[in-house]
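Colleague: Here is a sequence with its predicted model. Questions after.
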Amino acid sequence: MAQLPLVRHKKRIDRSLPAWVDIIILALSIAIFYIIITPMLSSDSTYFDEGYSVYLAHLNIPSAVYYTSLDVHPPLYYIALHFWQMVFDSSIFVLRMMSVVWAAICIALAFFLVRRAFGRIAAWIILPFITFSPLFLRYSETARMYTMALAFCLAATYILVRLQGTVERKKRTVLWIIYGVFVAGGMWTNYFTALIWICHGLWVISERYILRNKEGKFILPKGWLSAIAMAVLLYIPWLPSLITRYKDIQDNGFWIKPISIDTISSTITTMTLLRPASSITSWLVIGIVGWIGVATWLVTRTYKEIIPTKKPLYRLVIIMSIGPIILLGLLSLPPFRPAYTYRYVLAGVFMSMLLIGVSLAIISFKKHQLAKKICIGMFLLIILVIGMFNFIHQGNRNLDTGGKSTVGDAVAQIDSQVSTIEPIIIKSPYTYYASMVYETKTHPIYYLYTESLKNSGVTRGLYDMPNERGIKDISTFIKKFSYVWILGEDKNDIGFSPSPTWKKVKSIIINDTDRGVLSSYAIQYQAP
């Protein structure tokens, strides 16, 4: 009975305040998100994956589709980025901004999803948890497909929630069609949206089992089956590529490390503090243990208290929070090749933050309710804010390897020191992808063309289309210049000279101060 006054109070607030209050609160949250993330868009160098996005976006669409079919991701994001850079600009700031726009769409979708499922107060409370989510911030500032894929997941989930309150047959048919389109769109953007669609399926099946018909028979909803069938039909053109890539990974392996006990602990510390578990020391250990304990208690108690009519939707959020992490973990165990990396479970992490906000809104206390909720919420948010500051400090760092690209800084130093035309030559195709976006008129960037480029799907475009940037004969190439630069991210990549007769003139070394290692090198050579 202690819950009833809280429910009535929420209903009064829901009905008394005008709709524009929601818009102001949502706009303010998105504005804060932009204030946090916008300075990061031009402060850090691109890494290989981002450079590859830029490379494909500059190709015509048929070529982009073909070359990404040789890699591990579907083409929809690259097609969208192609038109984005055509309409706006091709600077790294602008290209990354498309991911930020998709992130803002994710925040809006999450707000409207929760408002429909759990009410306005819950929608307000989730906003700081997702706005300050470190992992969400990290992958919102990168020129990759993760926030776009997340938007498809949230849009489809919103439709699923809408279907819960829709009884009219025609409207349900339309909603199921829209749902199928979003499922297909997600799969055309990132394969790992399949983890969310599996979670949706598990929820639909489990709820149908709980609410089976009067005869006790278990019957799957025809609308959901039809929507999945339609999504599969829409995805058929890309299905052969998915099967081929999956077979390649299972046969030849992948760069991702095998799953271990550290994987789960580091998932928790990365989603909250954006740091691996091994680096959590001192008071942060107590903080993160407390965060896990409070969050677990909050969700468990809320599940017991929530009114029966809202329990199915609450179960949906729980399944979507833990499901992707568990599923990808299982799919990374033998006999499968490891595939567990944090960005592939971004949707699950995002839904976990949403789950905490919803739980905080729903839970009730007999005494000092507001004060207790504020204390719990502030503690949980403080940990996330620490993670946000870690994100601001470490920027575009690879969360799997710990490395950080600084090739943009190296090119900027070259450009600031030399105003004459001096080309930059790069041995590694991966470094070329990362640095090509920083090319200037005085310092065009070239790569060494070798037969080995045809052996990898991700470098096949450089092999097939050397155009003006592939150097097939370096001795002939350097005759046109008095000075050239050799740039690399590893000593092996700069361990050659353009010619035995050319001499070193100047060196630029960029340090990764956080790790205490050298991260990029540039050497200027002068003709004899």
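Modeller: Nice, thanks for sending it over. Numbers count the residues shown, from 1 in each chain.
Colleague: residue ranges for the helices of the stretch 1-150 of the chain, please.
Modeller: In chain order, the stretch 1-150 of the chain shows helices spanning 3-16, 20-37, 48-57, 61-69, 76-87, 92-118, 120-131, 134-140, 146-164, with DSSP state H, counting those that start in this stretch as the criterion.
Colleague: no wait, the stretch 351-500 of the chain
Modeller: Read by DSSP H, counting those that start in this stretch, the stretch 351-500 of the chain holds these helices, from start to end of the chain: 369-394, 407-417, 429-435, 460-464, 474-477.
Colleague: quick one, which of the helices of the stretch 1-150 of the chain is packed in tightest?
Modeller: Most buried of the helices of the stretch 1-150 of the chain by mean neighbour count (mean count of other CB atoms under 10 Å) is helix 134-140; its value is a mean of 26. From N, CA and C alone the C-beta is placed, and that goes for glycine too.
Colleague: Against which helices or strands is that one packed?
Modeller: For helix 134-140, the elements it packs on are helix 20-37, helix 92-118, helix 146-164, helix 261-273, helix 346-362, helix 369-394, judged by 3 or more CB pairs under 8 Å, 6 or more residues apart in numbering; DSSP states H and E.
Colleague: now with 6 Å?
Modeller: helix 92-118, helix 346-362, helix 369-394 (3 or more CB pairs under 6 Å, 6 or more residues apart in numbering; DSSP states H and E).
Colleague: Do you know the pLDDT at the residue nearest to residue 178 when sequence neighbours are not counted?
Modeller: Distances taken as CB to CB, 6 or more residues apart in numbering place residue 159 nearest to residue 178, at 5.5 Å, with adjacent residues excluded. Confidence at residue 159, expressed as pLDDT, is 97.
Colleague: And residue 117, how far from residue 317?
Modeller: Noted for residue 117: a distance of 8 Å to residue 317, by CB to CB, to the nearest Å.
Colleague: quick one on the thing from earlier: my guess is the residue nearest to residue 178 contacts residue 180. True?
Modeller: No: under the criterion of CB atoms under 6 Å, residue 159 is not in contact with residue 180, lying 9.4 Å apart.
Colleague: Tell me where the stretch 251-400 of the chain is predicted with low confidence.
Modeller: Within the stretch 251-400 of the chain, the stretches with pLDDT under 70 are 251-255.
Colleague: With just CA atoms, put stretch 402-415 into PDB.
Modeller: These are the backbone C-alpha positions of stretch 402-415, laid out as PDB (Å, rounded to 0.1, in the frame of the first residue of the first chain):
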ATOM      1  CA  GLY A 402      45.100   0.700 -24.600                       C
ATOM      2  CA  GLY A 403      46.800   2.400 -27.500                       C
ATOM      3  CA  LYS A 404      46.200   5.900 -28.800                       C
ATOM      4  CA  SER A 405      46.800   7.200 -32.300                       C
ATOM      5  CA  THR A 406      48.800  10.400 -32.600                       C
ATOM      6  CA  VAL A 407      49.500  10.500 -36.300                       C
ATOM      7  CA  GLY A 408      47.400  13.700 -36.600                       C
ATOM      8  CA  ASP A 409      49.700  15.400 -34.100                       C
ATOM      9  CA  ALA A 410      52.700  14.300 -36.100                       C
ATOM     10  CA  VAL A 411      51.300  15.600 -39.400                       C
ATOM     11  CA  ALA A 412      50.400  18.900 -37.600                       C
ATOM     12  CA  GLN A 413      53.900  19.300 -36.400                       C
ATOM     13  CA  ILE A 414      55.300  18.700 -39.800                       C
ATOM     14  CA  ASP A 415      52.900  21.200 -41.300                       C
END
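Colleague: what about the strands in the stretch 401-528 of the chain?
Modeller: In the stretch 401-528 of the chain, strands defined by DSSP state E, counting those that start in this stretch lie at 424-426, 445-448, 470-471, 483-488, 503-512, 517-526, listed in chain order.
Colleague: and the third one, which strands flank it?
Modeller: What it means is strand 470-471. When sheet partners are counted by DSSP bridges, strand 470-471 sits next to strand 445-448 (parallel).
Colleague: now the strand it pairs with: how far from the chain's centre is it?
Modeller: 29 Å (CA atoms, centre = their mean, to the nearest Å).
Colleague: Looking at the helices and strands packed on helix 134-140, which is nearest to residue 308?
Modeller: helix 346-362 (13.0 Å; CB to CB).
Colleague: Run the angle between that closest one and helix 261-273 for me.
Modeller: Relative orientation of helix 346-362 versus helix 261-273 (axes from the mean of the first three to the mean of the last three CA atoms, to 10 degrees): 60 degrees.
Colleague: so what secondary structure elements neighbour helix 346-362?
Modeller: For helix 346-362, the packing partners by 3+ CB pairs under 6 Å, 6+ apart come out as helix 120-131, helix 134-140, helix 146-164, helix 283-305, helix 311-330.
Colleague: on that earlier part again, looking at the helices of the stretch 351-500 of the chain, which one is packed in the most?
Modeller: Among these, helix 429-435 has the highest mean neighbour count (mean count of other CB under 10 Å), at a mean of 25.
Colleague: Need the residues that contact it.
Modeller: The list of residues contacting helix 429-435 from outside it, by CB atoms under 6 Å, 6 or more residues apart in numbering, reads 46-48, 51-52, 55, 405, 407, 411, 426, 445, 447, 459, 462, 488-489.
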